[in-house]
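> Let's see this in three dimensions:
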Amino acid sequence: MTPADRAEPAEPASSYEVCEGWGMTLSRRMFLGGAASVAAIGLTGAGVASPQRAFALDPDGMESKMLFGDAQAGASSIPKEGGGGNYHSCRIPAILAIPGTSVVIAIVEGRPNDNLDASGNFNLLMRRSTDSGLTWSGATVLAGASLDCWSNPTLVHDRTTGRLYCFMLRRQSGELIEIDPKVHLATSDNNGASWTAPMARTDLDQPGTGNDFIGPGNGIQRADGSLVVPARGRLIIKEPTGDWTNHDVPNGLYVNAAGNRPHPYGEGTVAERSDGQLILNYRATNWELDRGFPMARRVAIGNPGDWQMFGAEHWRTQIIDPGSHGAQISHTIGGKPHLIHLNSNSSTRDNRYAMTLRASADDGETWKLYQRPLSNDPLASQGDLVGNLREGGYSALTSTGSGIVLALVEARRVQVDNPSQNDLNYDSSCAVVLRRFNPGWLVRA
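Below you'll find the predicted structure:
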């Protein structure tokens, strides 16, 4: 299905956004607009005239709001198309600020009946902003044909042609979800206002059969113009004059008796360092964690065919990880290149509720100087009582031309007082929250 462009709805006029059904605000202060709080920044882009704009933030530089609500989110709930109530959960976010414009695209999986992978019939839901994330369109369906699961949205933009790409996987429903997923690709030539129908790209499928991952989140465009999208066991790369092709990434530590590593990498990210090399950052798979591999991110640097590790440290143990997807982008702070990373800073398997922002000023060599948990600026509805949210899980980051960073983060709805980790992971509905912040919140002078 191809959503048509729609006018951006007006946000509430007050400085506080109240989500009906909660009896509380999600953010201490809504994103503010108006002439007094808007500074226009002149940026240019291929075929684009509108600039990105910087809006005033809370005094501490960090704000939050509900973007894709779960079924219990009151007015923020996402209705199922064709009626039948609201989506039970929204998960697996992707977000991209299109360079040289004020357009931001946000996409999630809408899970109609449950939060679990095997619950089936996922649609990809999109919201679009034309003012750098201040206001947003209603949710539309980007991919939803059939009762199969449309999953793992991953966005990348070509500044040369102006084309926007969304990679995704089409999976079977229920217990067959991990059997032979198929890569699909949708494109937009008007900054996400309308899209082609997703087309199968069997040439880009994971070799062999079994579970596959694309992203989720973002790909990148390198300085040389090539596009790079992370995927399981490979990068999907498009050179400026060519088509998309698969390129293997370095194997992990485990090699079985046949000389093969049957479970290469989990979901991952890619960024370009200041020295022009790629930095890959992947989660450990459940298979690895079950066999005692470190609770940490797997990192490699280099280029296809020439990968290196950080000395002998194949696992980036400076970045603790409980086995969940994280987010990573490059971003200029104070005129200097940095990498920004977001994941759960927990060494307890599957504990996704210790979301922590990190920044590295040395191309990912060290991460300990700048790190700060999102709980330092909690959601107003954050807590352990029924109806509250617990922020944590999959996340996505994007860098706007105004210097502000946008993040999407999963947040689980508390169903019982003082929930266990199991209660949160399996028995809760899930929403997706937008975080909007100045990097100074993390990297302090």
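> CA atoms for contacts and neighbours, from now on please.
OK.
> Show me the contact partners of the strand ranked longest in the chain.
With DSSP state E applied, the strand covering the greatest number of residues in the chain is identified as strand 389-399. Strand 389-399 has contacts (CA atoms under 8 Å, 6 or more residues apart in numbering) with 91-97, 217-218, 324-331, 342-344, 352-355, 379, 381-384, 405-414.
> tilt between the helix or strand following that strand and strand 389-399?
Moving toward the C-terminus from strand 389-399, the first helix or strand encountered (DSSP states H and E) is strand 405-413. Between strand 405-413 and strand 389-399, the angle comes out at 160 degrees (axes from the mean of the first three to the mean of the last three CA atoms, to 10 degrees).
> just checking, what packs against whichever helix or strand comes after strand 405-413?
Once the chain leaves strand 405-413, the next helix or strand it forms, by DSSP H and E, is helix 421-427. Contact analysis of helix 421-427 by 3 or more CA pairs under 8 Å, 6 or more residues apart in numbering; DSSP states H and E lists strand 405-413 as its packing neighbours.
> In its sheet, which strands sit next to the strand it packs on, and in what direction?
Listed by DSSP bridges, the sheet partners of strand 405-413 and their directions read strand 389-399 (antiparallel), strand 430-437 (antiparallel).
> quick one: which of those is nearest residue 293?
The closest approach between residue 293 and any of the strands paired with strand 405-413, judged by CA to CA, belongs to strand 389-399 at 20.3 Å.
> average pLDDT for that closest one?
Regarding strand 389-399, the rounded mean pLDDT is 97.
> before we move on, what about stretch 128-140?
The average pLDDT within stretch 128-140 is 96.
> filter the contacts of strand 389-399 to the buried ones?
By the neighbour-count criterion of 16 or more other CA atoms under 10 Å, the contacts of strand 389-399 include these buried positions: 91-97, 217-218, 324-331, 342-344, 352-355, 379, 381-384, 405-414.
> mind listing which of the residues you listed are in strands?
Assignment to strands by DSSP E places the following of the buried ones among the contacts of strand 389-399 there: 91-97, 217-218, 327-331, 342-344, 355, 405-413.
> name the element the closest residue to residue 183 other than its chain neighbours belongs to?
The shortest distance from residue 183 to any residue that is not its chain neighbour, by CA to CA, 6 or more residues apart in numbering, is 4.7 Å, and that residue is residue 169. Assigned by DSSP H and E, residue 169 belongs to strand 164-171.
> What segments of the stretch 151-300 of the chain are helices?
Assigned by DSSP state H, counting those that start in this stretch, the stretch 151-300 of the chain shows helices spanning 286-289.
> which residues touch residue 192?
105, 128, 164.
> Report pLDDT for the first one.
Reading off the per-residue confidence, residue 105 sits at a pLDDT of 98.
> just checking, it is part of a helix?
No - assignment of residue 105 by DSSP: H, G, I helix; E, B strand; the rest coil gives strand, placing it outside any helix.
> Now for the residue nearest to residue 353 when sequence neighbours are not counted, how many residues are close by?
In this structure, residue 353 finds its nearest non-sequential neighbour in residue 392, 4.2 Å apart by CA to CA, 6+ apart. Neighbouring residues of residue 392 were enumerated by other CA atoms under 10 Å; the total is 23.
> Look up how far residue 338 lies from residue 392.
Residue 392 sits 23 Å away from residue 338, going by CA to CA, to the nearest Å.
> And residue 190, by the same measure?
30 Å.
> Compare these two (neighbour count), which wins?
Taking other CA under 10 Å, residue 190 and residue 338 do not tie; residue 338 has more neighbours (21 against 14).
> Who does the more buried one form a beta bridge with?
In this structure, residue 338 has beta-bridge partners residue 331, where bridges are defined by DSSP bridges.
> Residue 368: how many residues sit nearby?
The tally of other residues near residue 368 (other CA under 10 Å) stands at 12.
> Which residue comes closest to it once chain neighbours are left out?
With sequence-adjacent residues excluded and distances taken as CA to CA, 6+ apart, residue 368 is closest to residue 318, at 7.0 Å.
> quick one: contacts for the one you found?
Listed by CA under 8 Å, 6+ apart, the contact partners of residue 318 are 296, 366-368.
> Now for the residues you listed, which sits with the most neighbours around it?
That'd be residue 296 among the contacts of residue 318, by other CA under 10 Å, with 24 neighbours.
> That one contacts residue 281, correct?
No - contact between residue 296 and residue 281 fails when scored by CA atoms under 8 Å: they sit 10.2 Å apart.
> ok so, going back, reformat the strands paired with strand 405-413 as JSON lines; add distance to residue 178.
As requested, the strands paired with strand 405-413 are exported to JSON lines (distance: least, CA to CA, whole Å):
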{"stretch": "strand 389-399", "distance to residue 178": "18"}
{"stretch": "strand 430-437", "distance to residue 178": "21"}
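> quick one, which of the ones you listed is nearest to residue 229?
With CA to CA, the closest approach to residue 229 among the strands paired with strand 405-413 belongs to strand 389-399: 14.0 Å.
> export that closest one as PDB, just CAs?
Taking only C-alpha atoms (Å, rounded to 0.1, in the frame of the first residue of the first chain), the coordinates of strand 389-399 have been written out as PDB:
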ATOM      1  CA  LEU A 389       5.700   2.900  30.800                       C
ATOM      2  CA  ARG A 390       9.100   1.300  31.200                       C
ATOM      3  CA  GLU A 391      11.400   2.700  28.500                       C
ATOM      4  CA  GLY A 392      13.800   0.300  26.900                       C
ATOM      5  CA  GLY A 393      14.400  -2.100  24.000                       C
ATOM      6  CA  TYR A 394      15.100  -1.500  20.300                       C
ATOM      7  CA  SER A 395      16.100   2.000  19.300                       C
ATOM      8  CA  ALA A 396      17.000   4.200  16.400                       C
ATOM      9  CA  LEU A 397      18.900   7.500  16.000                       C
ATOM     10  CA  THR A 398      19.100  10.200  13.400                       C
ATOM     11  CA  SER A 399      21.100  13.400  13.100                       C
END
